[in-house]
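Asker: Mind folding the following:
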Amino acid sequence: MVRKSQEWPDEGELIVGTVYKVVNYGAFANLEEYAGKEAFIHISEVSSGWVKNIRDHVRENQKIVARVLRVNPKKGHVDASLKRIREDQRTKKIQQWKIEQKAEKFLELAAKSLDKDLDTAYDEVGYELMDIFGDIYGAFESASEEGAETLTEEGISQEWADAITEVAVKNIQPPEVHISGYVDIKNYNPDGVEVIKKA
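Answerer: Next comes the predicted model:
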């Protein structure tokens, strides 16, 4: 499960969840990025139109992307909305979440190469990578392109930097771009061919 360094989501943040209970007045979802936390989506926040039957819009075990409306850590409540989010935001969040899942697998591979588990990896280096690079996948991309020095310059231990770089080089291929085109060159001088050859 992808983890965040903070315990609770921020208001306005997009979250990924799995619906586990649907009732007449709303739905409950486990938050994928916040361990042990759940969100409640009131029926009025399910769809912008009139909702006759909530099960037409959400069902058990469905993955959802929602916007956080309110967070009350004292009560343990997170209120969320499905209707206050655009389709492009939903798609982007799902893609980002899938990339972070992949990055977590990479972190687990790096931890196994050092005979450590995923929890230890997060405590020793995972949350620090999130703070430095924005997300864990960004750290692996940097290590793949520029080597372990990128990580050690940011204060990551040499042991972890080498393990992360090894996994990154094996699993992340830098994007390649092939550019082709045609060029028409004209020269009306008597020795035009020679001028073009020299150019």
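Asker: quick one: contacts for the residue positioned nearest the centre of the chain?
Answerer: Geometric centre of the chain, nearest residue: Q96, 2.9 Å, by C-alpha atoms, centre = their mean. The contact partners of Q96, by C-beta atoms under 8 Å, 6 or more residues apart in numbering, come to D135. Backbone N, C-alpha and C define where each C-beta goes, glycine included.
Asker: and what of I172?
Answerer: F140, E141, S144.
Asker: Please apply the same query to I136.
Answerer: E100, A103, E104, F106, L107, G126, L129, M130 are the contacts of I136 under C-beta under 8 Å, 6+ apart.
Asker: out of those, which is most surrounded?
Answerer: L129 (27 neighbours; other C-beta atoms under 10 Å).
Asker: same question for the helix or strand containing it, mean pLDDT?
Answerer: Per DSSP states H and E: L129 is located in helix 127-133. Mean per-residue pLDDT for helix 127-133: 89.
Asker: can you check stretch 139-158 too?
Answerer: 88.
Asker: next helix or strand past the helix ranked longest in the chain?
Answerer: What stands out as the longest helix in the chain, according to DSSP state H, is helix 87-113. Proceeding N to C from helix 87-113, the next assigned helix or strand is helix 118-121, under DSSP H and E.
Asker: Give the buried residues for that next one.
Answerer: Neighbour counts over helix 118-121 (16 or more other C-beta atoms under 10 Å) mark L118, A121 as buried.
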